[in-house]
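Asks: Model the structure of this input:
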Amino acid sequence: MTTLRSVAAALSLLSIVPAALAADTRCRLPEQADLPVLEGCRQTAPGTLELSLAALARLPVDAAGLGTVLAAGQFYYVRRDGRHLPVVAFDNGADAFSEGLVRALVDGRLGYYDTALNPAFAARFDWGWPFEDGHARVCDGCRRGTPDADGHVPMLGGHGYRIDRRGQRSPPPR
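Replies: Numbering: from 1, shown residues only. Model prediction:
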């Protein structure tokens, strides 16, 4: 049984987001320095956004067709069709795609999603790290520890192992 001890940069808290923004359900555009409000977009419940057609039309998107918003302290990737996904915060922003997949916590479980915001496989881990060289480290039974001075939260305890891009266990690297 592998125990995962303090892992620096496992999860970065939103230390740059003041408490007032964390309570604000309006969507803001975190890619812009002044965090302007995206009118017609708000968080209606944790993990759920309400977006008007006008907001979707104004949403700045990248080459993959994804925009990023921040609402109630949660980062979301949003597609122009309104599909959205609450993603893990990392280094005070939305988790970056790694090997075409991004991490998201859905119903308390971590899963990996593609740029269409479809699950690569069922969300079923307590925590996981980004994919690298076709594999990701994940853990079951681990828990968040105390944040360090930089806001990084270590993952403690549990059973760690590697998975492939289908979510299947893979052997440890040689």
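
Asks: What's the local residue count around T44?
Replies: 11 (other Cβ atoms under 10 Å). Just so you know, the C-beta spots here come from the backbone N, C-alpha and C atoms, and that holds for glycine as well.

Asks: so what's it closest to, chain neighbours aside?
Replies: Computed as Cβ to Cβ, 6 or more residues apart in numbering, the closest residue to T44 that is not its neighbour in sequence is E50, at 4.9 Å.

Asks: Tell me if the one you found really is in a strand.
Replies: Yes. Under DSSP: H, G, I helix; E, B strand; the rest coil, E50 sits within a strand.

Asks: Look up how far E31 lies from it.
Replies: For E50, the distance to E31 equals 21 Å [Cβ to Cβ, to the nearest Å].

Asks: could you point out which element follows the helix or strand of the chain with the lowest mean pLDDT?
Replies: The helix or strand of the chain with the poorest confidence is helix 19-23; it has a mean of 68 (mean pLDDT, DSSP states H and E). Per DSSP states H and E, the first helix or strand lying C-terminal to helix 19-23 is strand 26-28.
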